[in-house]
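sharing a model that was predicted from the sequence below.
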Amino acid sequence: MHAVILAAILHLMPSPSPAWGETPVGFRHRMELIARSIDTATRTVRTDHRRQLALAVVVVFWGEGRFSPHVQSGVRRGDGGRAICLAQAHQGELTELEWLSLAGLDAESTTSCAIVAAQRLKRAWRYCRDLDPKFSWQEAMVLYGTGRTCRAEESHWKNIFVDRGMKHSALVARR
C-alpha cells in the first residue's frame with residue numbers, strides 16, 4: 001500500500017514548491033514519510049475500503065495543505081489558527097495537547113495527523129452513506145471539509161470539493 005500512496009502523492013505534487021526551500025532529496029524523503037504515515041493510519045483505522053480511505057487522506061492532505069512543510073510542522077495554520085497539520089484538523093474531541101501534537105515533520109506527528117484524518121473521513125463516509133447509500137468518499141471529503149454537509153453544491157466551495165472528488169476518483173482508477 002505504501003507504494004500506491006507514494007505514487008498518488010507524487011502524482012499530485014511531483015516536486016517541492018520553490019517557496020519551501022526544500023531540496024528534491026529532502027522533499028522525496030518527506031513524501032515517503034507522509035506515505036508511510038498514511039499507510040500506518042489506514043492499518044490503524046480499519047475499513048473494508050482501505051485503499052479508498054488512504055487515497056482520500058492523500059487528497060485531503062493535498063487539498064488542505066498541499067503537502068507544505070510549513071503546514072505539516074504547524075508553523076502555518078488554517079481557519080484563523082484553529083486548523084493544524086496537513087489534515088487542517090480542528091481540535092474537536094482532542095485535548096489541546098493531543099491536537100498540538102498533530103503538527104510536526106517527524107513520523108509520530110505525521111502519523112497522528114493521518115490517523116485523525118482517517119478516523120474523521122471514515123466517520124464522514126458512514127454518516128453520508130446513512131443519508132444516501134449512493135454517497136461515497138467524495139461526499140465524505142465534502143463533510144470533512146465543511147463539517148456540515150455531504151453535498152458539494154450546498155457549500156460555498158463547491159468547485160473545490162468537486163475537484164477533490166475528481167482527484168480521488170482518478171487516483172482510485174490508477175493501477
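Done, it's in.

for the longest helix seen in the chain, packing partners?
Across the chain, the longest stretch assigned as helix under DSSP state H is helix 107-131. Helices and strands touching helix 107-131, as assessed by 3 or more C-beta pairs under 8 Å, 6 or more residues apart in numbering; DSSP states H and E, comprise helix 24-44, helix 50-65, helix 137-146. For every residue, glycine as well, the C-beta is placed using N, CA and C.

mind putting those into a markdown table with mean pLDDT, mean neighbour count and distance to residue 123?
Formatted as a markdown table, the helices and strands packed on helix 107-131 follow (pLDDT from 0 to 100; neighbours: other C-beta atoms under 10 Å; distance: least, C-beta to C-beta, whole Å):
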| stretch | mean pLDDT | mean neighbour count | distance to residue 123 |
| --- | --- | --- | --- |
| helix 24-44 | 98 | 18 | 14 |
| helix 50-65 | 98 | 24 | 11 |
| helix 137-146 | 97 | 24 | 8 |
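
quick one: which of these is nearest residue 111?
With distances scored as C-beta to C-beta, the stretch of the helices and strands packed on helix 107-131 nearest to residue 111 is helix 24-44 (4.1 Å).

which residues sit against that closest one?
With contact meaning C-beta atoms under 8 Å, 6 or more residues apart in numbering, helix 24-44 is reached by 1-2, 5-6, 9-10, 13, 15-16, 20, 22, 50, 53-54, 57-58, 61, 67, 69, 72, 86, 105, 107, 110-111, 113-115, 117-118.

please apply the same query to stretch 165-175.
So stretch 165-175 is in contact with 7-8, 11-12, 51-52, 55-56, 58-59, 62-63, 137-139, 141-142, 152, going by C-beta under 8 Å, 6+ apart.

could I have that stretch exported to PDB, CA atoms only?
Extracted C-alpha coordinates of stretch 165-175, given in PDB (Å, rounded to 0.1, in the frame of the first residue of the first chain):
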ATOM      1  CA  GLY A 165     -13.800  14.200  -5.700                       C
ATOM      2  CA  MET A 166     -12.400  14.000  -9.300                       C
ATOM      3  CA  LYS A 167      -8.900  13.700  -8.000                       C
ATOM      4  CA  HIS A 168      -9.900  10.900  -5.600                       C
ATOM      5  CA  SER A 169     -11.800   9.000  -8.400                       C
ATOM      6  CA  ALA A 170      -8.800   9.400 -10.800                       C
ATOM      7  CA  LEU A 171      -6.300   8.100  -8.100                       C
ATOM      8  CA  VAL A 172      -8.600   5.200  -7.300                       C
ATOM      9  CA  ALA A 173      -8.800   4.300 -11.000                       C
ATOM     10  CA  ARG A 174      -5.000   4.300 -11.400                       C
ATOM     11  CA  ARG A 175      -3.300   1.000 -11.200                       C
END
